[in-house]
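# One predicted model, sequence on top.
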Amino acid sequence: MIEFDDVSFAYGGANILHSVSLTIDDGEFVVLVGPNGSGKTTLLRHTNGLLEPADGRVRVDGTPVAADLVAARSAVGMVFQHPRDQFVAATVAADVAFGPENLGLERDVIDDRVERALEAVNMNGRGDERIDELSGGEQSRVAIAGALAMAPSHLVLDEPFSGLDDPARRSVREQLASLSASGTGVIVSTHDPAEVIDLADRVIAMADGHVAIDDEPDRAMAELAASEIGVRTGSER
């Protein structure tokens, strides 16, 4: 469970989040939407301590993130908008192993996690390949595998479809559907909820650092279509 209790955040004198309170349950598939500058990415970066609130508190599984960063980062796997920004090794397997290695796990446990994570994203048998020679969709899948190797209860993805062609988008979407079906909580931040709305249990819309909508998908999409938040709902296509 991820809990935001009256979380506020400011950067460079500008208020980005304003007293945000939310609870994300285990196993829940949440679609987080909002225009640029709405606070989506800032909110997500609080889930594993990449940012700290100016006011309020974020808890993961009941423990404040700031009190145990290792636990938070193990429970909440983060995949950034541009996967290449998070790679730390040249090859697929070495990169996926990086997180578990930093947990101090035994080698056989690390190898098992890497194998399972790559299998989960249909990249098994490709551990020796160079990341810089992969397609954009393949790089996204490796980034997801790296997060999965930490055995998280929640997977958080910031604009995972940005810059991907149609086959890559379908591939990443299939991986998210599979992970959700297996019980992993998924939070997807996107400008275009139509990509994953059929997988969602819940839609949260941010606007100007506030939670503007928090509802089940059908009602949330209807509210978005009638609002001036500036998020595509598919009705305008």
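Now that the structure is in, tell me what you want to look at.
# tell me the mean pLDDT over the top helix by length along the chain?
Assignment by DSSP state H gives helix 166-181 as the longest helix of the chain. Averaging pLDDT along helix 166-181 yields 83.
# And that helix, how far out from the chain middle?
Taking CA atoms, centre = their mean, to the nearest Å, one finds helix 166-181 lying 13 Å from the centre of the chain it belongs to.
# List the contacts of it.
Residues outside helix 166-181 that contact it (CB atoms under 8 Å, 6 or more residues apart in numbering) are 27, 29, 120-122, 135-138, 140-141, 144, 148, 155, 157, 160-161, 164, 186, 188, 195-196, 199. Every residue, glycine included, has its C-beta placed from N, CA and C.
# So which of those residues are in strands?
Members of the contacts of helix 166-181 lying in strands (criterion: DSSP state E): 29, 155, 157, 186, 188.
# how far away is the first one from residue 167?
The one in question is residue 29. 22 Å (CB to CB, to the nearest Å).
# ok, the two, which is more surrounded?
More neighbours surround residue 29 than the other of residue 29 and residue 167, with 21 against 10 (other CB atoms under 10 Å).
# Does the more buried one touch residue 183 like I think?
No - at 10.8 Å, residue 29 does not count as touching residue 183 under the criterion of CB atoms under 8 Å.
# re earlier: which single one of the ones in strands among the contacts of helix 166-181 is nearest to residue 100?
Each of the ones in strands among the contacts of helix 166-181 was checked against residue 100 using CB to CB; the closest is residue 155, at 15.7 Å.
# The residue nearest to that closest one when sequence neighbours are not counted is in what secondary structure piece?
With sequence-adjacent residues excluded and distances taken as CB to CB, 6 or more residues apart in numbering, residue 155 is closest to residue 77, at 4.8 Å. Assessed by DSSP states H and E, residue 77 sits inside strand 76-79.
# Identify the residues contacting that strand?
With CB under 8 Å, 6+ apart as the contact definition, strand 76-79 has outside contacts at 2, 44-45, 47-48, 50, 60, 86, 140, 143-144, 146-148, 150, 152-158, 160.
# at 6 Å instead, please
Strand 76-79 is contacted by residues 47-48, 60, 143-144, 147, 150, 152, 154-157 when judged by CB atoms under 6 Å, 6 or more residues apart in numbering.
# Looking at these, which two lie furthest apart in space?
The farthest-apart pair in these, when distances are taken by CB to CB, is 60 and 143, at 20.4 Å.
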